[in-house]
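> quick one: sequence plus predicted model below, questions after.
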Protein chains: 2
Amino acid sequence: MNSKKIFFELIKNKKNYRLGKIHTNRGSLDTPAFMPVGTQGTVKSIFSDDVLKTGTQIILGNTYHLLLRPGIEILKKFGGLHNFMNWKKPILTDSGGYQIYSLSTKRDISNKGVKFKSHIDGSVHEFTPENIIDIQNIIGSDINMVLDECVPYSSSYSYAKTSLKLTHSWLDRSIIQHNKIKDAYGHKQFLFPIVQGAFFDDLRKKSAEYVSNCNLPGNAIGGLSVGEPNEKMYHFTDLVCQILPKDKPRYLMGVGTPENILECISLGCDMFDCVIPTRNGRNGMLFTTEGIINIKNSKWKKDFTPIDSNLNGHFSNDYSKAYLRHLIINKEILGSQIASMHNLKFYSWLLKISRTKIIKGNFTSWKNKIIKKITQRL
Amino acid sequence: MNSKKIFFELIKNKKNYRLGKIHTNRGSLDTPAFMPVGTQGTVKSIFSDDVLKTGTQIILGNTYHLLLRPGIEILKKFGGLHNFMNWKKPILTDSGGYQIYSLSTKRDISNKGVKFKSHIDGSVHEFTPENIIDIQNIIGSDINMVLDECVPYSSSYSYAKTSLKLTHSWLDRSIIQHNKIKDAYGHKQFLFPIVQGAFFDDLRKKSAEYVSNCNLPGNAIGGLSVGEPNEKMYHFTDLVCQILPKDKPRYLMGVGTPENILECISLGCDMFDCVIPTRNGRNGMLFTTEGIINIKNSKWKKDFTPIDSNLNGHFSNDYSKAYLRHLIINKEILGSQIASMHNLKFYSWLLKISRTKIIKGNFTSWKNKIIKKITQRL
């Protein structure tokens, strides 16, 4: 990437939905884009070249997991995560805030940062806004996230308000630290702030304004997809998207199902990440262009049609439903491989068609139709 | 394959070791050859196209496992195992004799055949020499094995003698049944008999003679690699190879380590199969051109050299030892995938070099040198 080149090109913005292009040192990606999750240096069960074959443009790494395993020292020695895992395209890393909320056995949040016990061995670690920037610098991600506090769905207004203040103060410190660090291994790193505010309109508005004022190259919406009904997720996404600047990509963290993604594209989101395609795939749930398949169901036992003949990719075409069922119910590793690759291919297909429909200007009508089709249980 | 074409071409036979070519309806293979094990319709953790990339020429399927899962009815509907698992090259299936010996919870052997309880759900099944031929006909293997009784290493002479008589009578019935069946889905099937006789010279000789007289297209040696010391394995392999006809391929069942294979090539064996490269790979044991690696060992923690830079194949070259260690110790599926593919590539390499050395006539001196190298622990 030419350093003078802009980070985000907004190519089309009709109603709320948008088409764009993000440029990083390790290549560009078309938005709206989905990022498969490569928790600890691997998109589970997929070779990095095969991840590319699913149409994936960028992956997400989890700072929390990478800190614990393999650890920062090793990543530094390797010149970053890209080298370590043999992935040459862009990587976005989260800040660990969500994992501390969801995984660590004990956490102690203060103004300084958060102390937590590893969910693996109970070892004690500390994240601060500053060291999270430093760690992501060592990981060598192309897009870094600031440390935030992700609060539970059930949080009270008063807890959420206090937490938001903390998250904003951490954001300020993150920017200061980000401005101090050098590029990672010669590659520019971009920092995204995160809108929090739980499920309270005024807090979400306040946070969206605070974040917008930071004028960073992209903006994220966190703290959603934590157990709330879809309607709430859409309400707060909409509310925040109305405030966030149009000329910056909007990343809706941890979302979601194909339906969630399409709805949130229509609200103005540009980037998504979620473990659903890979995790659910390993458990035998397949997203297809015709609807959702629970491959463990006996109805597929003798079905020798391909997993999804509307998709390219030999994992969707060359293996039958009956074969995949046989693999998954017998806990054969190859079942996880085929299902994960297929589901990622489906997500790539869904985002690619979305971009086409956005260009054509008929995204909304297509979205309403396709959601009915792809959410039906086959 | 032209039906008039011979099944086995013996290209070179120097001292005891041999170079050959086996021709089947689904392609030819150079011998000595190694067959990775695809227990229940998958070489564990490897896509069928990726199995090809490891240099594999033929795989082995387990009749016992395939009968239980996915079951014969499904394989029949698919037109055989090749279609079901999307593998276009030759398949050899064993007869299930070894699995009944090693896996089933209860077995009841009679002249008629063997009744056994499934190790999975306790369901009762029966193998007879006849139905084992029929089952393999439905599986559609290119090479079928006869039903035999595999006796424990500790068997008494009297038990082994009685068992051998049974195995030989089953062999006669297998041939009668084989001559009755049609080709499988238009593909010719070849039948191999199995030499048994436990660890008694006279029984092994008797069995080798009995088997030789059947004049089938190839001959197998069973009942070895069941816990005996290497010297005993080599002694009985040698003894049997001296009797089996030269113009038929000799398949040493269930063998073995790279060292075992090289030693038994030197004794005159042409075909091998074993779960070691894939199973040990999943557990972090890597065979390399420089020696054996236990990748879980902390000495590899920061080693960013490729797994084996002397081998082609991106799984051996594009991933570092430290990365593979990270994957294996954290039980990431991708670790099994990389290690399994690498180990199969190593086995293919070993067999390929062996064939080159056999052609050149210096196999024995090379074998003695390379065994020292590849069996050392790194």
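In hand now; what should we look at?
> so A:G140 sits right up against A:F84, yeah?
No. Assessed by CB atoms under 8 Å, A:G140 is found out of contact with A:F84, at 9.1 Å. Every C-beta, even on glycine, is put in place using the N, C-alpha and C of the backbone.
> overlap in contacts, those two.
A:L75 (CB atoms under 8 Å, 6 or more residues apart in numbering or on different chains).
> now do the contacts for A:N144.
Contacts of A:N144 (CB under 8 Å, 6+ apart): A:92-93, A:95, A:133, A:136-137, A:178, A:189-192.
> most neighbours, which of these?
In terms of neighbours by other CB atoms under 10 Å in any protein chain shown, the contacts of A:N144 top out with A:Q136 at 31 neighbours.
> give me the pLDDT for that one.
On pLDDT, A:Q136 comes in at 98.
> which SS class is A:G61?
The three-state label for A:G61, taken from DSSP: H, G, I helix; E, B strand; the rest coil, comes out as strand.
> how close does it get to chain B?
According to CB to the nearest CB, to the nearest Å, A:G61 stands 13 Å off from chain B.
> return stretch A:321-334 as PDB; C-alpha atoms alone will do.
Provided in PDB are the C-alpha atoms of stretch A:321-334 (Å, rounded to 0.1, in the frame of the first residue of the first chain):
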ATOM      1  CA  LYS A 321     -24.100 -34.900   2.300                       C
ATOM      2  CA  ALA A 322     -24.100 -38.600   3.300                       C
ATOM      3  CA  TYR A 323     -20.300 -38.700   3.300                       C
ATOM      4  CA  LEU A 324     -20.000 -35.500   5.400                       C
ATOM      5  CA  ARG A 325     -22.700 -36.900   7.800                       C
ATOM      6  CA  HIS A 326     -20.700 -40.100   8.100                       C
ATOM      7  CA  LEU A 327     -17.600 -38.200   9.000                       C
ATOM      8  CA  ILE A 328     -19.200 -35.800  11.400                       C
ATOM      9  CA  ILE A 329     -21.200 -38.400  13.400                       C
ATOM     10  CA  ASN A 330     -18.100 -40.600  13.600                       C
ATOM     11  CA  LYS A 331     -16.000 -37.600  14.800                       C
ATOM     12  CA  GLU A 332     -13.600 -37.900  11.900                       C
ATOM     13  CA  ILE A 333     -11.400 -34.800  11.700                       C
ATOM     14  CA  LEU A 334     -12.000 -34.500   7.900                       C
END
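> buried set for that stretch?
In terms of neighbour count (16 or more other CB atoms under 10 Å in any protein chain shown), stretch A:321-334 has its buried residues at A:321-330, A:332-334.
> show me how far it is from its chain's centre.
Relative to its parent chain, stretch A:321-334 has a centroid offset of 27 Å by CA atoms, centre = their mean, to the nearest Å.
> what number of residues are in the vicinity of the closest residue to A:P245 other than its chain neighbours?
The spatially closest residue to A:P245, leaving aside those adjacent along the chain, is A:S212, at 5.5 Å (CB to CB, 6 or more residues apart in numbering or on different chains). Per other CB under 10 Å, the neighbour tally for A:S212 reads 17.
> give the helix, strand or coil label for A:S212.
Relying on three-state DSSP, one would call A:S212 helix.
> sketch out the low-pLDDT regions of the stretch 51-200 of chain A for me.
When residues are selected by pLDDT under 70, those of the stretch 51-200 of chain A lie in A:104.
> now it against chain B: closest residue?
A:P70 (4.4 Å; CB to the nearest CB).
> now that residue: which helix or strand?
Assessed by DSSP states H and E, A:P70 sits outside every helix and strand.
> what sits against the residue of the stretch 151-300 of chain A found nearest chain B?
The nearest approach of the stretch 151-300 of chain A to chain B comes at A:R282, 8.3 Å away (CB to the nearest CB). If you count contacts by CB under 8 Å, 6+ apart, A:R282 has them with A:44-45, A:335-336, A:339-340.
> of the residues you listed, which are in range of chain B?
A:44-45, A:336 (CB under 8 Å from any CB of the partner chain).
> near chain B, which residues of chain A are found?
Going by CB under 8 Å from any CB, the residues of chain A near chain B are A:40-42, A:44-47, A:49, A:69-70, A:73-74, A:77-78, A:83-86, A:301-302, A:304, A:314-315, A:318-320, A:322-323, A:326-327, A:330, A:332-334, A:336-338.
> many thanks, I have nothing further to ask.
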